[in-house]
Every structure is written in C-alpha cells, then in structure tokens.
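[1] missing the sequence, but the structure's below:
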C-alpha cells in the first residue's frame, strides 16, 4: 500500500511542473498570446525564460509514458514466461504409502504432462491471462499516446495550431482519453478475470451490509 502511495506522489510532480507553465492569456493584434493578470482570457501554455529545462513536454512523455510502457511490457513478458514454465512443468503425484513394507520400499511413480497435454482448464486460464495483459497494454498505449503527441504538435506548430479547429479539439479529446483508460481497466478485469469478479462481489457484500446497518440505526433514532 505504501508503494502505491509513493508512486502517486512521484507522479504528481511531472504534472505540477507542466501545470505551472499554463497562464491566463489573450491574443494580441499580431496573434501572439500575452499573459494578463486580469480575469479575462483563456488558459494556455506560456514559454518562460525562467524555466530551467527547455523540453518539459518531451521529458514528461518519457517519464509518464515511455518508461511506464517499457516497465509494463517487461512485467507482462515475465508473467507470460512464468505461465509458460508452469504449463511445461512436470506434475508429480506421489501415492500415499501403506502399512506394507514392500510397498513403501518401491520408488514413487511420476505422472508427467507437457504443455500440449496440459489440462484444458489450465490452457484456457493461460489464454485468458494473455488476452487480458494484451488488452490492458493496448488500452494504455491507445489512450495515453495521443495526449503526448498532441502536446508535441502544439509546441512545435504553435502558430498553425492557434488558428486550427483541429488543434483546438485535440486537447479536450486526448485529455478525455486518459480518463477513459482509467474507467476501461476495471471493466476489462471484470470481464476477463474470475478472481476480480469474486473479489469485487465480496467487497460489495462487505460495504452494503454496513450501509444498511447505518441506515437502520439512523431510522431508529
């Protein structure tokens, strides 16, 4: 649990670094955005000479997209390799010994099966895990890549994007994709994982009775 909290805190700083560079601006007669202290204007990215690093969007893309994608890919490859080793491993069934000393002295019998002769349920579970891992990785890639690409497009084609309706729509659409990613993952887990559905159902059973008892005590008062 502490590891999750630490990751969330560390993920906050790259977003804070970018957010501090957005100011309230209005376009002047030449088409350039000018920062204002009044309540008028729109929120936009403003370059500043005081920023110590000249490539904040590139750094954010590497830290919050490229590195996590590589880490996810590495972890999932390790998971698939472990599943493959488990499927290829031998299964040892040692019969229970009896009181007869002659039977106890006999060597144990080994029953072996390989991946091709694994139980159908084991193969089905392995395929389901592979499908779920591929789906989660694809959702992360599709939902987060457009947002970072949009930032780079706006940064390097600033003047063209100021007058383009396509660029104006990119920011809200790509930003919405990030929230869609967070909502899709639980749905995919629920559809593909029996353990997730079981755990989610148990959690609901733990929460709902508490609420019912609370409402009942309030009604009696």
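    All right, it came through fine. All of these numbers come straight from a predicted model, not from anything done at the bench. Numbering: from 1, shown residues only.

[2] report how many residues lie close to residue 208.
    For residue 208, the neighbour count with other C-beta atoms under 10 Å is 10. For every residue, glycine as well, the C-beta is placed using N, CA and C.

[3] now it: how far from residue 200?
    To residue 200, residue 208 is 12 Å away according to C-beta to C-beta, to the nearest Å.

[4] lowest-confidence helix or strand of the chain?
    helix 101-104 (a mean of 48; mean pLDDT, DSSP states H and E).

[5] residue ranges with poor pLDDT in the chain?
    Residue ranges of the chain with pLDDT under 70: 1, 14, 17-19, 21-22, 25-53, 87-122, 159, 162-163, 209-221.

[6] mind redoing it with 50?
    Along the chain, segments meeting pLDDT under 50 span 90-93, 98-99, 101-104, 109-112.

[7] which residue ranges form the helices in it?
    Secondary structure of the chain (DSSP state H): helices at 2-19, 56-61, 67-88, 101-104, 120-156, 158-162, 165-192, 194-220.

[8] and the residue lying closest to residue 171 once chain neighbours are set aside, what does it touch?
    Residue nearest to residue 171 in three dimensions, not counting chain neighbours: residue 150, with 6.2 Å by C-beta to C-beta, 6 or more residues apart in numbering. The contact partners of residue 150, taken as C-beta atoms under 8 Å, 6 or more residues apart in numbering, are 170-171, 174.

[9] out of these, which is nearest to residue 123?
    Checking the contacts of residue 150 against residue 123 by C-beta to C-beta gives residue 174 as the nearest, at 39.0 Å.

[10] give me the number of residues near the closest one?
    Neighbour count for residue 174, taken as other C-beta under 10 Å: 19.

[11] next: residue 76.
    For residue 76, using other C-beta under 10 Å, the count is 17.

[12] so residue 145 touches residue 65, yeah?
    Yes. Using C-beta atoms under 8 Å, residue 145 makes contact with residue 65 at a distance of 6.9 Å.

[13] so residue 167 touches residue 158, yeah?
    No. Residue 167 is beyond contact range of residue 158, at 9.4 Å (criterion: C-beta under 8 Å).

[14] any idea how far apart the tips of stretch 185-201 sit?
    By C-alpha to C-alpha, to the nearest Å, the extent of stretch 185-201 from end to end equals 17 Å.
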